[in-house]
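A.B. asks: Just the structure for this:
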Amino acid sequence: MQTVEISANGDAVQVGEAIFPLIWLRHNCPSAFHPQTQERVLDLLDLPDVPELTHAAAAGGALELTWADGHGSRFQLDWLLAHAPGQRGLDPAAVPPVTWRADLGAAGVPRHQADAILESDDALLAWLRETKAYGLSIVDGMPQSAEAGVLIGRRISFLRETNFGTTFEVVSKPDPNNLAYTSEALPLHTDLPNQELPPGYQFLQCLANDAEGGGSIFADGFAAAEDLAVEAPEDYDVLARTPVPFRFHDREVDLRARRPILRLDHDGQLAEVTHSPHITDIFDMPADEMAAFYKVFRRWLVRLNDPAYKLTLRLAAGEMVVFDNRRVLHGRARFDPGTGFRHLHGFYVDRQDLDSRIRVMVRGGGEGREG
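C.D. replies: Below you'll find the model as predicted:
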């Protein structure tokens, strides 16, 4: 049985080494949550700033509390300790990134079978975790239909619709509104940084790739940024704090957004890499910062063009490449449409939806609270 002590200042309960403020305990009482939806039904403003506690005891693996207003709370000790203030709750979707460079090679890219992903939850979960870790994977054994790729995507969630549609065809076509719809080389980039929220994971299913050229190029933006932070920390700081304007426009839309090349999370850890030289808008930082930013940006371009970061794949019909669009940069070598047909079928699934699928597949029964 855990030792339970009332703290000396009277506004917290101590369980082992963990300290729980009384307001936190009252706010997170199991009765504060709807029994079916698990959404909060308690209004914080209905509580005093420091609720008064009259009794606290550990019994049967639970913490039992009685409040001055007569209300009772019962918490499972395991749940309490897992949610102790000052520590993050366990997140099954928090898969640590495995950074890679050119030496990963095409043979090192994680591969998973389409039929297994469709038929087995264990195979689906293994694929999602490895795709998140590397930011890149290939699904093998795809039937020769565009719907086959969509079925894989929908094993995760619904698809993300953009101004290019819910799905899109990457083919060379007349009157293109994007470089992807030409036979020209595509420089390394992330898709749609002009969106308020760029898409998370991109899926590109190869339906045909008979033309000469057209190799698919990938680079791990996290690896490049990781090296930059060590070798040129001042450049890293500039790319993390300077918003860059991005714009896509055609006859139908004019979409603009501003974001730094490197986005850090609240803990200062790298969360996203945004890079799309061909749709950067007119740089608009102050004149006294402009020259310095251009120098940093040029050095970043030189780094990304280093073959040490580039991995080239020759996608074949029956393969689908999947990658984190806010981490892994992708591009394409020029191809000759006169030598054969090249056709990729694409769509997006957002990051949070992939994370959600991992959590739902991993989690067990209840939330560990008892009222």
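A.B. asks: So W300 sits against L228, correct?
C.D. replies: Yes: counting by C-beta atoms under 8 Å, W300 does reach L228; the two are 7.3 Å apart. (Glycine included, C-beta is placed from N, CA and C.)
A.B. asks: so what sits against both of these two?
C.D. replies: Applying C-beta atoms under 8 Å, 6 or more residues apart in numbering, one finds that W300 and L228 are jointly contacted by 235, 239.
A.B. asks: number of nearby residues for the residue nearest to V139 when sequence neighbours are not counted?
C.D. replies: Of all residues not flanking V139 in the chain, M320 sits nearest, at 4.3 Å (C-beta to C-beta, 6 or more residues apart in numbering). Burial of M320 is recorded as 25 neighbouring residues (other C-beta atoms under 10 Å).
A.B. asks: Show me what the helix or strand V139 falls within is packed up against.
C.D. replies: Using DSSP states H and E, V139 maps to strand 136-140. Where contact means 3 or more C-beta pairs under 8 Å, 6 or more residues apart in numbering; DSSP states H and E, strand 136-140 is packed against strand 111-113, helix 114-119, helix 121-134, strand 320-324.
A.B. asks: could you give the angle of the longest one to strand 320-324?
C.D. replies: Just to be clear, that refers to helix 121-134. Put simply, helix 121-134 runs at 50 degrees to strand 320-324, going by axes from the mean of the first three to the mean of the last three C-alpha atoms, to 10 degrees.
A.B. asks: Give me the contact list for helix 121-134.
C.D. replies: Helix 121-134 is contacted from outside by 93, 95-98, 100, 109-110, 112-113, 116-117, 137, 139, 155-156, 201, 322-324, 354-355, 357-358, 361-362, using C-beta under 8 Å, 6+ apart.
A.B. asks: list the buried ones in it?
C.D. replies: For helix 121-134, the neighbour count (16 or more other C-beta atoms under 10 Å) marks 123-125, 127-134 as buried.
A.B. asks: Domains in the chain, by residue range?
C.D. replies: 4-90, 102-359 (automatic domain parsing).
A.B. asks: Could you dump those domains into CSV with mean pLDDT added?
C.D. replies: Listed next are those as CSV, based on pLDDT from 0 to 100:
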stretch, mean pLDDT
domain 4-90, 90
domain 102-359, 93
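A.B. asks: Of those domains, flag the one that's most buried.
C.D. replies: Across the domains of the chain, averaging neighbours per residue (mean count of other C-beta atoms under 10 Å) puts domain 102-359 on top, at a mean of 17.
A.B. asks: Quick check: end-to-end length of that one?
C.D. replies: Using C-alpha to C-alpha, to the nearest Å, the end-to-end distance of domain 102-359 comes out at 31 Å.
A.B. asks: repeat for stretch 87-104
C.D. replies: In stretch 87-104, first residue to last residue: 35 Å (C-alpha to C-alpha).
A.B. asks: From the chain's centroid, how far away is it?
C.D. replies: Averaged C-alpha coordinates place stretch 87-104 at 10 Å from its chain's average position (C-alpha atoms, centre = their mean, to the nearest Å).
A.B. asks: Output stretch 329-344 as CSV, nothing but the C-alphas.
C.D. replies: Provided in CSV are the C-alpha atoms of stretch 329-344 (Å, rounded to 0.1, in the frame of the first residue of the first chain):
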residue,chain,number,x,y,z
LEU,A,329,11.8,16.0,-48.7
HIS,A,330,11.1,14.5,-52.0
GLY,A,331,11.9,15.3,-55.6
ARG,A,332,12.2,13.8,-59.0
ALA,A,333,14.7,13.5,-61.8
ARG,A,334,13.6,14.7,-65.3
PHE,A,335,12.0,12.1,-67.5
ASP,A,336,11.4,11.7,-71.2
PRO,A,337,7.6,11.2,-71.8
GLY,A,338,8.4,10.1,-75.3
THR,A,339,10.0,6.9,-74.0
GLY,A,340,7.1,5.6,-72.0
PHE,A,341,4.3,6.4,-69.6
ARG,A,342,4.9,7.5,-66.0
HIS,A,343,1.9,7.6,-63.7
LEU,A,344,1.7,8.0,-59.9
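A.B. asks: Understood, closing this out.
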